[in-house]
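J.: next one to model:
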Amino acid sequence: MQNYRQASAPASRGMAEAPLVFLREGGAMGALIRAHDWAATPLGRPEQWPQSLRTAVRLMLSTNHPMFIFWGEHSICLYNDGYSASLGPEKHPAILGRPGVVAWPEIWQLIGPQIELVMAGRGATWHRDHLVPIVRHGALDEAFWTYSYSPIDDETAQNGVGGVMVICTETTDRVLADRRHQFLAGLSDRLRALLEPAQVLAAAAEALGTHLDASSVGYAEVDATGLTATVERDWVGLGGAAVVGTHRLDDFGSALMQELRRGNQVTVSDVARDARLPPATLPAYAALGVGAMILAPLVHEERLRGILFVHHARPRHWRPSDEQLVVEVAARTAAALASARAHRAQVENERMLRAIGDSSGQLIFAKDRAGRLLYANAATLAVIGQPIETVLGRTDLEWHGGDEAREIVENDRRVLTTGESLRVEERFTTPDGTERLYEGVKAPMRDESGTIVGVVGVASDVTERNRQQRHLRLMVDELNHRVKNTLAIVQSIAHQTFRHLDLPTEARRAFEERLAALANAHSLLTRESWESAELADVAAEACAAYMGHDGRVTIEGPSLRITPKTAVTIAMALHELSTNAAKYGALSNENGRVRLSWTLAGRSGPRLHLRWEERGGPAVARPTRRGFGSRMIEQALAAELQGEVRMAFLPQGLVCEIDAPIPEKPVR
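T.: Coordinates of the predicted model:
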């Protein structure tokens with residue numbers, strides 16, 4: 001070093017006037033080497049350089065491949081254009097002609113021993129993708145190189161080696177790209193296995209923060225207004241500060257936030273010097289310990305939904321690869337977060353559906369197209385008598401078997417084949433040997449495209465209900481039988497009683513016919529289980545004796561169900577009308593006709609308008625007295641129907657009209 005300092009004298013002008021042949025080429029670095037004051041260095045004037053150095057320099061300047069020379073005991077530095085591209089402004093061109101220890105203080109402990117090894121005559125070295133960090137752009141930058149240190153022979157030098165030729169290629173971009181690829185692949189595998197959103201955020205933040213040697217990393221979820229963002233949890237590294245909490249976005253720079261809202265990534269190397277950050281925002285960054293940062297926005301449907309942030313406590317020069325990595329991690333995190341939230345929603349939905357299903361006393365189940373059980377609620381499992389693990393994924397034939405299972409499978413097949421819902425009654429013998437009857441509905445289960453993928457069903461235990469219905473049917477049948485017997489007994493008693501009394505034959509016949517009409521009405525209601533009866537059936541039964549095949553009695557009107565009590569009353573009234581018509585009216589000759597009709601109409605509510613009209617019989621005159629039949633028609637029928645009954649004894653025939661309200665929904 002002493003010799004180097006003593007050699008600092010005015011540069012010779014001879015080289016500038018007549019450059020040496022070995023220095024004629026080299027582009028920008030060739031010009032710098034020619035203009036350099038080499039006389040002020042231990043190398044001296046180029047005219048004095050040994051031939052081996054001249055040859056090495058000419059070789060170096062004749063190629064664009066990055067090359068570097070360390071010459072002599074002071075390792076004086078020379079390099080070409082290809083190498084200068086890897087240097088920052090701190091070193092280029094300042095290190096030209098400088099001793100190696102002065103030019104490379106940050107890595108001399110690493111490269112110094114390698115140079116000494118070559119200078120000692122112990123051969124060349126070779127390194128592949130070797131980490132050799134250098135100071136450039138204001139920071140110690142992580143750099144990777146594939147390089148060799150080769151001896152430059154010089155007979156006049158100690159050990160026969162005058163210097164070291166460095167032939168190198170910076171592989172930083174490729175190495176970091178490989179690392180980024182491996183990192184992203186590993187991160188994707190890790191995130192894919194996580195099912196909780198909080199786990200996804202924690203894993204992504206930790207992985208990215210560790211990989212980039214950041215101070216803090218996290219995900220801020222932007223609210224619907226776009227004004228605030230909340231960080232639920234973050235990762236904090238060395239020198240970092242927690243960012244958890246809700247923050248007002250514009251407190252960190254409205255111009256910067258506008259970039260994020262437009263979907264643009266934001267990179268800040270120095271918070272204190274970035275023109276987008278006014279002084280008023282710096283306290284907010286200082287409170288979070290942020291000196292540099294990368295912000296990756298997550299925009300969906302033209303709205304900012306989230307921000308993945310990477311903070312560094314001090315100013316930092318970010319590589320383009322760092323920025324790209326943050327963007328890719330943001331996308332993967334968003335996808336994994338959406339998947340985890342969907343999974344959590346699915347779990348919650350399944351839990352809710354399970355709770356709903358288990359709260360029902362009905363059997364609820366689902367099967368796939370192969371008949372394998374996919375779902376069974378608690379009621380279904382209670383009937384089966386086996387745990388869900390035993391029957392899930394198995395068919396009825398596998399875990400139940402027998403004719404019952406075959407009937408169930410056949411019903412499932414019909415639903416799958418027809419694609420329509422099916423009402424079924426299925427028998428099932430429980431594990432304790434009790435045979436139960438279940439009534440329900442099976443329906444096709446379809447996917448989003450409408451394809452049938454299985455069967456769903458709901459069923460209820462109707463065993464007890466059917467038993468009660470059978471018992472009730474027996475009781476009703478017995479009651480009907482007894483009522484008919486009672487009417488027959490009454491009819492017999494009346495016949496025996498009237499035979500010994502001095503009563504007109506006509507009176508006895510009228511009484512017996514009325515009993516028969518009552519019995520016929522009862523028979524009709526018996527067939528309908530005493531629930532209701534169709535008005536047309538009641539009319540046809542009451543007029544059956546006079547209907548014949550000649551069409552003398554016509555019945556027409558819309559369908560109407562009436563109560564049993566109303567049915568009996570109308571049947572008795574129609575019996576009286578038809579009997580009177582046969583005795584005195586339209587049915588007493590060969591030409592008369594009777595038309596029974598009704599309509600349903602009304603403004604304030606549905607009403608029944610029934611009309612009995614006789615034509616073609618003998619001339620009619622109003623009777624001088626009112627008999628039983630007239631009183632029953634006019635009084636009993638009107639009272640039962642809560643309506644009006646009008647009888648008109650017109651010369652051409654009797655007309656009876658009934659107008660009464662009816663239920664909006666006919667009784668069934």
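J.: and the residue nearest to residue 644 when sequence neighbours are not counted, what helix or strand is that in?
T.: Spatial nearest neighbour of residue 644, chain neighbours left out: residue 659 (5.0 Å); criterion: Cβ to Cβ, 6 or more residues apart in numbering. Using the backbone N, CA and C atoms, a C-beta is placed for each residue, glycine as well. Using DSSP states H and E, residue 659 sits within strand 653-661.
J.: check residue 135 too.
T.: Applying DSSP H and E, one finds residue 135 within strand 134-136.
J.: and the pLDDT at the residue nearest to residue 644?
T.: Reported pLDDT at residue 659 in the predicted model: 87.
J.: the strand holding residue 659 packs against which elements?
T.: Here strand 653-661 touches helix 564-583, strand 607-615, helix 637-641, strand 644-650, going by 3 or more Cβ pairs under 8 Å, 6 or more residues apart in numbering; DSSP states H and E.
J.: quick check: angle from it to strand 607-615?
T.: Interaxial angle of strand 653-661 relative to strand 607-615 (axes from the mean of the first three to the mean of the last three Cα atoms, to 10 degrees): 170 degrees.
J.: wait, which of the helices and strands packed on strand 653-661 is closest to residue 82?
T.: Closest of those to residue 82 is strand 607-615, at 107.0 Å (criterion: Cβ to Cβ).
J.: tell me the strands beside that closest one, with direction?
T.: strand 593-601 (antiparallel), strand 653-661 (antiparallel) (DSSP bridges).
J.: let's have those in TSV, adding mean neighbour count and distance to residue 337.
T.: Shown next, in TSV, are the strands paired with strand 607-615 (neighbours: other Cβ atoms under 10 Å; distance: least, Cβ to Cβ, whole Å):
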stretch	mean neighbour count	distance to residue 337
strand 593-601	17	64
strand 653-661	19	66
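J.: mind checking the ones you listed for the one nearest to residue 109?
T.: The nearest among the strands paired with strand 607-615, by Cβ to Cβ, is strand 593-601 at 108.5 Å.
J.: what's the single longest helix in this protein?
T.: If you go by DSSP state H, the chain has its longest helix at helix 320-359.
J.: next one: that helix to chain centre, how far?
T.: Helix 320-359 sits 10 Å away from the centroid of its parent chain (Cα atoms, centre = their mean, to the nearest Å).
J.: buried ones in it?
T.: 322-323, 325-326, 328-330, 332-334, 336-337, 339-340, 357 (16 or more other Cβ atoms under 10 Å).
J.: how about stretch 61-76?
T.: So, applying 16+ other Cβ under 10 Å, buried residues of stretch 61-76: 61, 66-72, 74-76.
J.: pLDDT on that stretch, on average?
T.: Mean predicted confidence for stretch 61-76 is 96.
J.: would you map the strands across the stretch 451-600 of the chain?
T.: Ranges of strands within the stretch 451-600 of the chain are 452-461, 533-534, 553-556, 561-562, 593-601, based on DSSP state E, counting those that start in this stretch.
J.: give me the sheet partners of the first one and which way each runs.
T.: Strands that pair with strand 452-461, judged by DSSP bridges, come out as strand 363-368 (antiparallel), strand 435-446 (antiparallel).
J.: my read: residue 123 touches residue 159, true?
T.: No: Residue 123 lies out of contact with residue 159 (Cβ atoms under 8 Å); the separation is 11.4 Å.
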